[in-house]
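> Next comes the sequence, and after it the predicted model I'd like to discuss.
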Amino acid sequence: MRHDPSLALQKAIRQRLIASADVLALIPAGNILDTSGRPEVVPSILLGEGQTVMRRFNSNSYATIHIWMSEPGLVQAKEVGSAVVGALTFDAEVERAVLHLDGFICHDLSVTNLQYLRDPHGPYSHGIVTVAGIMKAVT
């Protein structure tokens, strides 16, 4: 049974984040989770929403990554955002524009948006990173 390509993309994102020394210098691997709501542990990265737009021969999959930091400003969230971008976009595999994932090949993995917000209900900063890839099922 073939699964949703956004799940394969999410798994690949987590693997790349926990393999990045720059990300792990800011967020412990155990705090990079797939969970809902405001995190119980800060700092953290929450693997969030996914979307897949299906086409006949491939699909576009999107993933949202939420960064949560305890800080009065946005500096640390932006530092983590930069580390996330580096983990997802700067290496030989991505430069060749092909990632071999669980049941899929991902073409053109890219970070499409970075957004940083102040949490009005506490001393937190919140970063949102949007990632996209063109996914083709491997048969």
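Sure thing, it's come through. Everything numeric here is computed off the predicted structure, so don't read it as measured data.
> drop to CA atoms for contacts and neighbour counts, all remaining ones
Noted.
> mind showing which ranges of this protein have poor pLDDT?
Applying pLDDT under 70 to the chain picks out residues 1-2, 92-97.
> Mind doing that once more with 90?
1-4, 35-40, 48, 55-56, 72, 89-102, 107-110, 119-123, 139 (pLDDT under 90).
> Strands of that one, start to end?
For the chain, strands defined by DSSP state E occupy the ranges 32-33, 44-54, 59-70, 98-101, 104-118, 124-137.
> Relative to the fifth one, what are the paired strands and their orientations?
The pairing partners recorded for strand 104-118 under DSSP bridges are strand 98-101 (antiparallel), strand 124-137 (antiparallel).
> any chance of the strands of the chain in a markdown table, with distance to Lys11 and mean neighbour count too?
Shown next, in a markdown table, are the strands of the chain (distance: least, CA to CA, whole Å; neighbours: other CA atoms under 10 Å):
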| stretch | distance to Lys11 | mean neighbour count |
| --- | --- | --- |
| strand 32-33 | 11 | 19 |
| strand 44-54 | 9 | 19 |
| strand 59-70 | 10 | 23 |
| strand 98-101 | 8 | 17 |
| strand 104-118 | 12 | 17 |
| strand 124-137 | 13 | 22 |
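> Let's have these in JSON lines, adding distance to Val85.
Listed next are those as JSON lines, based on distance: least, CA to CA, whole Å:
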{"stretch": "strand 32-33", "distance to Val85": "15"}
{"stretch": "strand 44-54", "distance to Val85": "13"}
{"stretch": "strand 59-70", "distance to Val85": "11"}
{"stretch": "strand 98-101", "distance to Val85": "16"}
{"stretch": "strand 104-118", "distance to Val85": "7"}
{"stretch": "strand 124-137", "distance to Val85": "8"}
